[in-house]
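Asker: Everything below, folded, please.
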Amino acid sequence: MNDLTLYHGSFNKTKVKIKNGSLLIGRTRSANRYDGICATQNKEIAKRYGEYLHSYRIPIKEIANNQDLVGDKAVEVIKKELKIDDDTLAKQITFVVAYQHNTHEILPHLIPRFRGEYFGDENEYDSEIWRLRGRIADALGFRAVSYVDDMGFVNYLVVR
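Answerer: The predicted structure follows:
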């Protein structure tokens, strides 16, 4: 199996064009609110998010995993996205974003940037972690990235 078929449930009959870098999170129910399209391998789960089912066939080698999301390029993406200059802090945030572990440790660095702009409550900070994973994956040339959702399931963010 060289490809993975992912499904995205949508309220749009037409497949949505992926828009990166537009920071649509929290402002709308847009499919691009994470700078990509959330998708799953499970059609039934995808259908819960809209009556129209769109599929994305992506080569497995073009799907980033945790190990792909660390390194100098990833740190540069974090520095740019969060507008920080501190290399040590950027490396720490990159590690937390890559492994989705101890995300509460970086919340103080996300809160000032987004307070009152995009987030409705603290639960949406996980969404920003997913978005940052997508921004790194896109910068590294991947078409998608896996992530663990708030229910503990592995899903994917299609960024290209």
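Asker: Okay, now the unreliable bits of the chain?
Answerer: Applying pLDDT under 70 to the chain flags the ranges 20-33, 102-124.
Asker: mind listing the strands for it?
Answerer: With strands called from DSSP state E, the chain shows them at 3-10, 37-39, 52-59, 63-64, 144-148, 154-158.
Asker: which residues touch stretch 129-136?
Answerer: Residues outside stretch 129-136 that contact it (CB atoms under 8 Å, 6 or more residues apart in numbering): 20-21, 25, 34-36, 38, 64, 69, 73-74, 77-78, 81-82, 94, 96-98, 100, 103, 145, 147, 157, 159. Glycine gets a C-beta too; all of them are placed from N, C-alpha and C.
Asker: May I have it as PDB, with CA atoms only?
Answerer: C-alpha atoms of stretch 129-136 as PDB (Å, rounded to 0.1, in the frame of the first residue of the first chain):
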ATOM      1  CA  ILE A 129      -0.900  22.900  17.500                       C
ATOM      2  CA  TRP A 130      -2.500  21.100  14.600                       C
ATOM      3  CA  ARG A 131      -2.200  24.200  12.400                       C
ATOM      4  CA  LEU A 132       1.400  24.600  13.300                       C
ATOM      5  CA  ARG A 133       2.100  21.000  12.500                       C
ATOM      6  CA  GLY A 134       0.500  21.700   9.100                       C
ATOM      7  CA  ARG A 135       2.600  24.800   8.500                       C
ATOM      8  CA  ILE A 136       5.800  22.900   9.200                       C
END
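Asker: Now it: buried residues?
Answerer: Buried positions in stretch 129-136, judged by neighbour count with 16 or more other CB atoms under 10 Å: 129-136.
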